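Novice: Need a 3D model of the following:
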Amino acid sequence: MRTLYIDCGMGAAGDMLTAALLDLVPDPEEAVRELNEMGIPGVRYEMVRMKKQGISGMHMKVLVHGVEEEPLPDDSMAEGNVHGDHAHGDHAHGEEHGHAHEGHFPEEHHHEEHAHGHPHGDHPEEEHHHGEHAHHHHGMHLSEIEALIRKLHAPETVKEDACAIYSLIADAECTVHESDRAEVHFHELGMMDAVADVCAASFLMRRLDPKRIVASPVRVGYGHLHCAHGILPVPAPATALILRGMPNYAGDLAGEFCTPTGAAILRHFVHEYGRQPVMAADRIGTGFGTKDFPVLNCVRTLLGEDAAEELPEKHAAEDRASERILTLACNLDDCTAEETAFAMEELLSAGALDVFTVPAGMKKSRPGTILTVLAYPEKEQLLTELLMKYTPTLGVRVTECTRYTLSREERTVETELGPVRVKRASGYGTEKEKAEYEDLAALARRHGLTLAEVRGIVLQALRERD
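Specialist: Purely as a prediction, here's the structure:
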């Protein structure tokens, strides 16, 4: 089976991932030409071959209105440096960021207006140095970004992937800022930089067409970063949300090594996480960051055939999406409904994958409840402590199990009533779609319709679109 392995031992940033994928393409110059022909407004890609620590690799330069952001001097770096992809550039309002991704730029960057990309002139202070570009620093809402992507000269699958990745970032921003999806906006220079990364990664993934994508656990770094909200921990709040459920670790180097863009790209494409599988790699790609460390600062990719047998279904790659999770459970017979509900809310807030209750007959013939929590292994200790704290239980049972999941993505569909988010799941020979309840309910109230009537209009819009 054609397998792509992504080594994220030095983190994940949009431009590093893009460069590492580009290095796998047989004709990278032709791929860059096609990327430029997509027509992202004001954006130009340039491929740069270079050597670091004696190793040859690729750097993807992205020019936004002719400007590429430069990293700050080493003496300005502090404990919360960043990568090189603007560390957080990918964010809405850019309010949480102050980094650059792959280069591991310093906290002092204050790239408060960026969106995950590269060191590309997204610093507020650079508006003074490049005054002629200052007028490009205005906000765009997610719907505008999606509309921009839809107009590109690229295959529909590439546009769908790019919109889905941006949707992940927007959802994280909404949660961090407790704002409505329609309110989230991205500042243009950093935003266009991020659009370039997201579209390039989507294009190259489709060009390489791996059937199985595996990634290593992701280094996120540690320390703090400066942003408009003050000093925040690494990983940044939005990045941490996108990484939920994905294996990651701090490592021994200070700085922000995983950016929102990098995290979202991995979340969308990767099927499994772990060590490199048994595979015969015929291509190896190296994507460099802009900063130098004692350890080579790069994302490395390997493409080749693994030892697994081909699955017969057309969704074989998605059907391999299995993972190890834990089931934590306890019996409750002296807990009020309000206490149980509060405990469930706290468990979900702490990172549980799911929390549910089942009625049960307890000893002494008393009715009771089995409270069950699904979680990744790294959450075992925390969630066990919360179960002990928020319920009267005296013990928690833990079981390890395998969970098979459909590949999921979200897109926004325009209807005659307004935009509606639609979740799509596929794999194991099946496909499912479901409109977001909150969006349906909001439109029903706004137009005086029933939920069923709105759902019918959405289904019709989906049929017309497909």
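
Novice: Could you list the buried residues of the helix or strand where residue 356 lies?
Specialist: Using DSSP states H and E, residue 356 sits within strand 354-361. Neighbour-count burial for strand 354-361, counted by 16 or more other CB atoms under 10 Å, picks out 355, 357. In short, each C-beta sits where N, CA and C put it, glycine included.

Novice: For the stretch 101-250 of the chain, which segments count as strands?
Specialist: 139-141, 185-187, 212-215, 218-219, 224-227, 230-233, 248-249 (DSSP state E, counting those that start in this stretch).

Novice: who wins for proximity to residue 161 among these?
Specialist: In terms of CB to CB, the element of the strands of the stretch 101-250 of the chain nearest to residue 161 is strand 212-215, at 12.3 Å.

Novice: So which residues of the chain form helices?
Specialist: Along the chain, the segments classed as helices by DSSP state H run 14-22, 28-37, 126-129, 142-150, 156-177, 188-208, 237-242, 260-269, 316-319, 337-349, 380-390, 437-447, 451-465.

Novice: Which residue, other than its chain neighbours, is closest to the most centrally placed residue in the chain?
Specialist: Closest residue to the average C-alpha location of the chain: residue 264 at 1.5 Å, with CA atoms, centre = their mean. Computed as CB to CB, 6 or more residues apart in numbering, the closest residue to residue 264 that is not its neighbour in sequence is residue 168, at 4.3 Å.

Novice: got a list of what that neighbour touches?
Specialist: The contact partners of residue 168, by CB atoms under 8 Å, 6 or more residues apart in numbering, come to 242, 264, 267, 268, 410.

Novice: same question, residue 410
Specialist: 164, 167, 168, 171, 421, 422, 423, 424.

Novice: do that again at 7 Å, thanks
Specialist: Residues near residue 410 by CB atoms under 7 Å, 6 or more residues apart in numbering: 164, 167, 421, 422, 423.

Novice: Drop anything exposed from those residues.
Specialist: Using 16+ other CB under 10 Å as the burial test, the contacts of residue 410 include 164, 167, 421, 422 as buried.

Novice: got a markdown table for these, with pLDDT and distance to residue 288 too?
Specialist: As requested, the buried ones among the contacts of residue 410 are exported to a markdown table (pLDDT from 0 to 100; distance: CB to CB, whole Å):
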| residue | pLDDT | distance to residue 288 |
| --- | --- | --- |
| 164 | 91 | 27 |
| 167 | 88 | 29 |
| 421 | 91 | 37 |
| 422 | 89 | 38 |
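
Novice: Switch those residues over to TSV; also include distance to residue 304.
Specialist: Converted to TSV, these look like this (distance: CB to CB, whole Å):
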residue	distance to residue 304
164	27
167	31
421	37
422	35
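
Novice: Number of residues surrounding residue 384?
Specialist: When neighbours are counted by other CB atoms under 10 Å, residue 384 registers 18.

Novice: That one contacts residue 396, correct?
Specialist: Yes: at 5.2 Å, residue 384 counts as touching residue 396 under the criterion of CB atoms under 7 Å.

Novice: Find the residues that touch each one of the two.
Specialist: residue 328.

Novice: give the contact list for the residue nearest to residue 276 when sequence neighbours are not counted.
Specialist: With sequence-adjacent residues excluded and distances taken as CB to CB, 6+ apart, residue 276 is closest to residue 5, at 5.0 Å. Applying CB under 7 Å, 6+ apart, we find residue 5 in contact with 214, 276, 277, 279, 301, 302.

Novice: Look up phi and psi at residue 274.
Specialist: phi 160, psi -160 (degrees, to the nearest 10).

Novice: Show the contacting residues for residue 330.
Specialist: 371, 387, 391, 393, 395, 396, 397.

Novice: Name the nearest residue to it, sequence neighbours excluded.
Specialist: Using CB to CB, 6+ apart, the closest residue to residue 330 is residue 393 (3.9 Å).

Novice: shouldn't that neighbour be in contact with residue 332?
Specialist: Yes: contact criterion CB under 7 Å: residue 393 and residue 332 qualify, at 6.2 Å.

Novice: Can you read off the pLDDT for the closest residue to residue 212 other than its chain neighbours?
Specialist: Distance criterion CB to CB, 6+ apart; nearest residue to residue 212, sequence neighbours excluded, is residue 3 at 4.4 Å. As predicted, residue 3 sits at a pLDDT of 93.

Novice: I figured residue 3 was touching residue 209, is that so?
Specialist: No: Residue 3 is beyond contact range of residue 209, at 11.5 Å (criterion: CB under 7 Å).

Novice: Between the two, which has more neighbouring residues?
Specialist: residue 3 (26 against 9).

Novice: Please name the bridge partners of residue 360.
Specialist: Residue 360 has these beta-bridge partners by DSSP bridges: residue 368.

Novice: residues contacting it?
Specialist: Residue 360 makes contacts with 331, 368, 369, 370, as judged by CB under 7 Å, 6+ apart.

Novice: And for residue 397?
Specialist: Residue 397 neighbours (CB under 7 Å, 6+ apart): 329, 330.

Novice: gap between it and residue 368?
Specialist: 15 Å (CB to CB, to the nearest Å).

Novice: follow-up on the earlier one: to residue 362, which of the helices of the chain lies closest?
Specialist: Comparing these under CB to CB, the one sitting nearest is helix 337-349, at 14.2 Å.

Novice: In the closest one, which residues are buried?
Specialist: Buried residues in helix 337-349 (16+ other CB under 10 Å): 340, 343, 344, 346, 347.

Novice: quick one: which of those is nearest residue 200?
Specialist: For the buried residues of helix 337-349, the nearest to residue 200 is residue 347 (38.6 Å; CB to CB).

Novice: Am I right that that closest one is in contact with residue 354?
Specialist: No: Residue 347 lies out of contact with residue 354 (CB under 7 Å); the separation is 9.4 Å.

Novice: Just the ones of the contacts of residue 330 in strands?
Specialist: Secondary structure defined by DSSP state E assigns 371, 397 of these to strands.

Novice: Buried members of the contacts of residue 330 into PyMOL, please.
Specialist: Only the buried members of the contacts of residue 330 enter the following PyMOL selection, criterion being 16+ other CB under 10 Å:
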select buried, resi 371+387+391+393+396
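
Novice: For the contacts of residue 330, please prepare JSON lines with the additional fields distance to residue 256 and pLDDT.
Specialist: What follows is those, written out as JSON lines (distance: CB to CB, whole Å; pLDDT from 0 to 100):
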{"residue": "371", "distance to residue 256": "37", "pLDDT": "97"}
{"residue": "387", "distance to residue 256": "33", "pLDDT": "96"}
{"residue": "391", "distance to residue 256": "37", "pLDDT": "95"}
{"residue": "393", "distance to residue 256": "39", "pLDDT": "94"}
{"residue": "395", "distance to residue 256": "40", "pLDDT": "94"}
{"residue": "396", "distance to residue 256": "35", "pLDDT": "95"}
{"residue": "397", "distance to residue 256": "38", "pLDDT": "96"}
